[in-house]
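# Quick check, what structure comes out for this input:
(chains A and B)
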Amino acid sequence: MTQPQVTVDSVSHAETTPDEPQPYRELGLKDDEYARIRDILGRRPTDAELAMYSVMWSEHCSYKSSKVHLRYFGETTTDEMKQAMLAGIGENAGVVSIGDGWAVTFKVESHNHPSYVEPYQGAATGVGGIVRDIMAMGARPIAVGDPLRFGPADADDTARVLPGVVAGVGGYGNCLGLPNVAGEVVFDPSYAGNPLVNALCVGALKSEDLHLAFASGTGNKIILFGATTGLDGIGGVSVLASETFDEAAGGSGRKKLPSVQVGDPFTEKVLIECCLELFAAGLVVGIQDLGGAGLSCATSELASAGDGGMQVDLDQVPLRATGMTAAEILSSESQERMCAVVKPEDVEAFLEVCRKWDVLASVIGEVTEGERLVITSGGETVVDVPPRTVAHEGPVYQRPVARDDVRQDALTADGPERLPRPETPSELRTEVLRMAAAPNLASRSWVTSQYDRYVRGNTVAAHGADAGVVRVDEETDRGIAVATDCNARFVALDPYTGAQLALAEAYRNVATSGAVPLAVTDCLNFGSPEDPHVMWQFQEAVRGLADGCAVLGTPVTGGNVSFYNQTGTTAILPTPVVGVLGVIDDVTTAVPSGFAGADGDAVILLGTTAAEFGGSEWAHEVHAHLGGRPPAVDLEHERRLAGLLAAAGADRTLTGSHDLSDGGLAQGLVESALAAGHGARIELSGVHDDAFTALFAESAGRVLVTVAAGDADAFLARAGEAGVPAARIGETGGAVLHLGDGVGELALDELRTAWEGTLPARFGPVSV
Amino acid sequence: MSSAAPRVGVITFPGTLDDVDAARAVRRAGAEAVPLWHGDHDLRGVDAVVVPGGFSYGDYLRAGAIASLAPIMREVVDGAGRGLPVLGICNGFQILCEAHLLPGALIANAGMHFLCRDVVLGVENARTAWTRDYTAGDELLVPLKSQEGRYVADAATLDELEGEGRVVFRYRDGAPNGSSRDIAGITNAAGNVVGLMPHPEHATSGLTGPSSDGLGLFTSLAAQVAA
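Just a heads-up that it's a prediction; the model follows:
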């Protein structure tokens, strides 16, 4: 087979052909952006440069629409919040100190669009990408989690997308040997043509081992290691390929590959172990993972963050396809690759470690004097740019921001008060069962039983619990807790309050497990930034989140923005997924979820219940209704509540706990009872005068706890001292959930059948 | 025998995942865990070997197929022939079958999904090198987590295994992966080689597992070597 002839568009060629038309619009660049590139370079860009700028200046890489709003996070971070932070926004992932010399790094990212096109690979490579981000901080990845959102559970396309996404998350994470300990599965019609596949990873390291992405020290070598570089995930840059190849280009020598990348978790697992050995041996000056924008991103970001220039020779990059152009090599998103900066005297030792792990490694360039990133291919210079203009000085947009008053006011005016409610004991009892079986509330076991939660032997709590709890240090039992949450309906009703409710819920979930909340990551999934109403939602959500973090004292250490989540012109519900990470000094004191103690324990409700149904699961499930106001949020109360929970968890007063959120107290009781098979006798009058409100209201700031009967009075007094409203509403025991004469009782068997049956009925049995 | 703690080798192949857990279980049983590397022809003088779970060599070709030909496995096969106690867990069980130390094969779960679930195992043979601390009829609550965990063999082999009492563990509430005759673990004729699909090394502490029921495999071995 003859190799196709490649015409190299070198810098010198570009200088002599200033008027050659370039497909910049097809690559997503606007006229003024292209003009700015020409201005920066003083000539037209080469194809390779155009590929780099177009991908690095894309919304995904440059945050050009969100940057002006994200600055607010920095402006609202207080000195107190900065204390525990070792690295923050702008690094591959934020890093916080958890004591005893340990640090953890965590981040959540989106892989929404690829997962709609190709559910398995999209989700799998989402896991792979976030894990490499964590590795790039010098940490060992210790856990993953996956907040997922799909169209209606009974929609045909959900039956295509959900099983593929779940298999992809499991297929990649299981093979990497990372326990999956947290996440969500939410169904809503707004995600029907645009599922949300967010991926979370947590890593642990000793504080002194922190690695940052920068290329420093003239003469230091740039080593690309991991998988070979191929034509997968090239996406839009293929328009350049068709222009630079001669007639034979479309022929037998090349084949079109899908724009969604294909993952190989085995290669990534070996890469993890190889990286950790390299870190431990002190062979790495700087490191960067190759994710979106591939080598374009890694080389420009490393060079931009360093103190010199960089020279790279693409001929040294191991390829898995023949005849790749410089633009394709720079844009390829082939997975499982990392880029390291290594001192010349350490190169041989570095390569030796890679050989031990059978990891391919190649010196592709070096740090140079000056401030240029120079890339050669076939002996010709194809890129010669100031790296900051590629990586950090992309366009910044002040997109129009405008609340659509007609739409938003109508939404607010359409409150849930008009919705018919169950009244008789029989109707209320039936409603509890119906809600337990609702797709958004039913058991997630169909999904989570496809994820390994045990591997590495440090998982103290995983799915089904309020937060995933993972031991970090086997000697001291120090560990972390992590939870992600977002009720996007609340955000739609009021983006500022809704984002704070998401924060409050994740924060409360971490506290409910017995941990002290420490830091925040977010994945801001929104519609098109070109829609002023979407930008209003975004701006409000960012401000709500940042202001909320300031009250709680938990900094946002990093995250991700995903725009253009919409079908046609209809945007998804604004979905700022919030992840909160907490520290627990002794994981043996982690509070189990639900009624985990002895029969006869006192059941105590912390927080107050009001008739708040706007955006509730009840309104959504029973009436397909979204309108009114979201529940009120009181972050000072959340902070007091978290303090009480952490203290009563640490001294082992609490025998069990469970946060109340979607579905209200009814769902909280059902899940608590089914967790360990302990029923309870509950007096709803202790919650609210109206039984319906007591059961289904979604007031924030509430947690169900159990304590030994003999500890109940003391605990109630302690709650009073802490300023947390508390009411003893019943006791555990038996095989039924008894909700008083106004409702009646439900056998646990009946509840279990309802709660566990929904997802298998929709998606088929998981096992025989 | 010496009074020093028994030395139990734990093999790491590229793609092995549960080696840290196997080593931890070995230590909890009072033995010393000795790391063994797939590319070495050296058992480092260990008293027993654990072939842990994971996706060795990415499960390429067939789960366990490539690992069964690794240099270290040549040594394990030779050792097993001399009576060296060998335990294969999950991918390790697949590797021991591929290496013909145990009969039968593991194929894709009947439900065609990866399955992570706690299962109850009944102990049927408490005479192997790895089960002497149990009594036949004991029930163990341990995690099962695998994609290709369905044990199959021809009827004659299954009859032979059952006839000779070589079924070591059986799923008590039916095999969720469709394994033949609910078989979860088996042994060779000599009783020194045991393979099972569920993960006893993940059931050595109630803090991080569903129970500590799995520790008995490791204490059985440690006690026997020390005796």
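
# Flag every residue of the stretch 1-150 of chain A that's near chain B.
Contacts of the stretch 1-150 of chain A with chain B, taken as CB under 8 Å from any CB of the partner chain, are absent. Yep, even glycine has a C-beta here, placed from its N, CA and C like the rest.

# where does the stretch 1-150 of chain A dip in pLDDT?
A:1-7, A:89-90 (pLDDT under 70).

# The same query, at a cut-off of 80, please.
A:1-7, A:87-93 (pLDDT under 80).

# Break down it into its strands, ranges please.
Along the stretch 1-150 of chain A, the segments classed as strands by DSSP state E, counting those that start in this stretch run A:85-87, A:94-99, A:102-110, A:140-150.

# any chance of those in TSV, with mean neighbour count too?
Listed next are the strands of the stretch 1-150 of chain A as TSV, based on neighbours: other CB atoms under 10 Å in any protein chain shown:
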stretch	mean neighbour count
strand A:85-87	19
strand A:94-99	22
strand A:102-110	27
strand A:140-150	26
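
# Looking at these, spot the one closest to A:Arg25.
strand A:102-110 (25.5 Å; CB to CB).

# Neighbouring strands - and their directions - for that closest one?
Sheet pairing of strand A:102-110 (DSSP bridges) gives strand A:94-99 (antiparallel), strand A:196-206 (antiparallel).

# and A:Cys61, which of these is closest to it?
Closest among the strands paired with strand A:102-110, using CB to CB: strand A:196-206, at 17.5 Å.

# Can you give me the distance of A:Asn458 to A:Val127?
Distance, A:Asn458 to A:Val127, using CB to CB, to the nearest Å: 19 Å.

# my bad, A:Ser304
Distance, A:Ser304 to A:Val127, using CB to CB: 27 Å.

# More neighbours: which of those two?
A direct count of neighbours by other CB atoms under 10 Å in any protein chain shown for A:Ser304 and A:Val127 places A:Val127 higher, at 33 against 22.

# what about the one helix or strand A:Ser362 maps to, near chain B?
For A:Ser362, the element it lies in under DSSP states H and E is strand A:361-368. No - using CB under 8 Å from any CB, we find that strand A:361-368 stays clear of chain B, coming within 15.2 Å at best.

# That strand: partners in the sheet, and parallel or antiparallel?
strand A:221-226 (antiparallel), strand A:309-313 (antiparallel).

# Pull the contacting residues for B:Glu148.
B:Asp59, B:Ala63, B:Gln94, B:Leu106, B:Ile107, B:Ala108, B:Asn109 (CB atoms under 8 Å, 6 or more residues apart in numbering or on different chains).

# Wait, a helix at it?
No - using DSSP: H, G, I helix; E, B strand; the rest coil, the assignment for B:Glu148 is coil, not a helix.

# Look at the nearest residue to A:Gly129 once chain neighbours are set aside and give its secondary structure.
The shortest distance from A:Gly129 to any non-neighbouring residue, by CB to CB, 6 or more residues apart in numbering or on different chains, is to A:Gly291 (4.7 Å). At A:Gly291 the chain is in coil, as set by three-state DSSP.

# May I ask you to confirm that A:Gly291 is in contact with A:Val131?
No - A:Gly291 is not in contact with A:Val131 according to CB atoms under 8 Å; the separation is 10.4 Å.

# Between those two, which has more neighbouring residues?
A:Val131 (26 against 23).

# if I look at that one, how far off is A:Gly145?
Going from A:Val131 to A:Gly145 by CB to CB gives 12 Å.

# which intervals of the chain have sub-threshold pLDDT?
Going with chain A. For chain A, the ranges with pLDDT under 80 are A:1-7, A:87-93, A:211-216, A:232-261, A:292.

# please go with chain B instead
B:1-4, B:226-227.

# Name the residues of it found near chain A, please.
B:14-15, B:17-18, B:20-21, B:24, B:54-55, B:57-60, B:109-111, B:113-117, B:143, B:145, B:147, B:174-178, B:199, B:201-202, B:207-209.

# Quick check on these: which are buried?
Burial by neighbour count, 16 or more other CB atoms under 10 Å in any protein chain shown: within the residues of chain B next to chain A this picks out B:14-15, B:17-18, B:20-21, B:24, B:54-55, B:57-59, B:109-111, B:113-116, B:143, B:145, B:147, B:175-178, B:199, B:201-202, B:207-209.

# Take these and keep only those in helices.
B:Val20, B:Asp21, B:Arg24 (DSSP state H).

# Could you pull up the contacting residues of B:Gly92?
Counting by CB under 8 Å, 6+ apart, B:Gly92 has contacts B:Ile11, B:Val50, B:Val51, B:Pro52, B:Gly53, B:Gly195.

# In JSON lines, list those residues along with neighbour count and secondary structure.
Shown next, in JSON lines, are the contacts of B:Gly92 (neighbours: other CB atoms under 10 Å in any protein chain shown; DSSP: H, G, I helix; E, B strand; the rest coil):
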{"residue": "B:Ile11", "neighbour count": "29", "secondary structure": "strand"}
{"residue": "B:Val50", "neighbour count": "30", "secondary structure": "strand"}
{"residue": "B:Val51", "neighbour count": "35", "secondary structure": "strand"}
{"residue": "B:Pro52", "neighbour count": "27", "secondary structure": "coil"}
{"residue": "B:Gly53", "neighbour count": "31", "secondary structure": "coil"}
{"residue": "B:Gly195", "neighbour count": "30", "secondary structure": "strand"}
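
# From those, pick the one nearest A:Glu698.
Nearest to A:Glu698 among the contacts of B:Gly92, with distances taken as CB to CB, is B:Gly53, at 41.8 Å.

# That closest one: what's it in contact with?
When contacts are counted by CB under 8 Å, 6+ apart, B:Gly53 touches B:Thr16, B:Leu17, B:Asp18, B:Ala22, B:Ile89, B:Cys90, B:Asn91, B:Gly92, B:Lys145, B:Ser146, B:His199.

# which non-adjacent residue is nearest it?
In space, B:Gly53 is closest to B:Cys90, 3.3 Å off (CB to CB, 6+ apart).

# Determine the number of other residues adjacent to the one you found.
30.

# unless I'm mixing things up, it is touching B:His199, no?
Yes - using CB under 8 Å, B:Cys90 is in contact with B:His199, at 6.1 Å.

# Check the contact lists of the two and give me the overlap.
By CB under 8 Å, 6+ apart, the residues touching both B:Cys90 and B:His199 are B:Asp18, B:Gly53, B:Lys145.

# Make a markdown table from those residues and add distance to A:Gln398 to it.
Listed next are the shared contacts of B:Cys90 and B:His199 as a markdown table, based on distance: CB to CB, whole Å:
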| residue | distance to A:Gln398 |
| --- | --- |
| B:Asp18 | 52 |
| B:Gly53 | 54 |
| B:Lys145 | 50 |
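
# Chain A: which of the residues you listed is nearest?
Nearest to chain A among the shared contacts of B:Cys90 and B:His199 is B:Lys145, at 4.9 Å by CB to the nearest CB.

# quick one: the strands in the stretch 151-300 of chain A?
For the stretch 151-300 of chain A, strands defined by DSSP E, counting those that start in this stretch occupy the ranges A:180-187, A:196-206, A:221-226, A:286-289.
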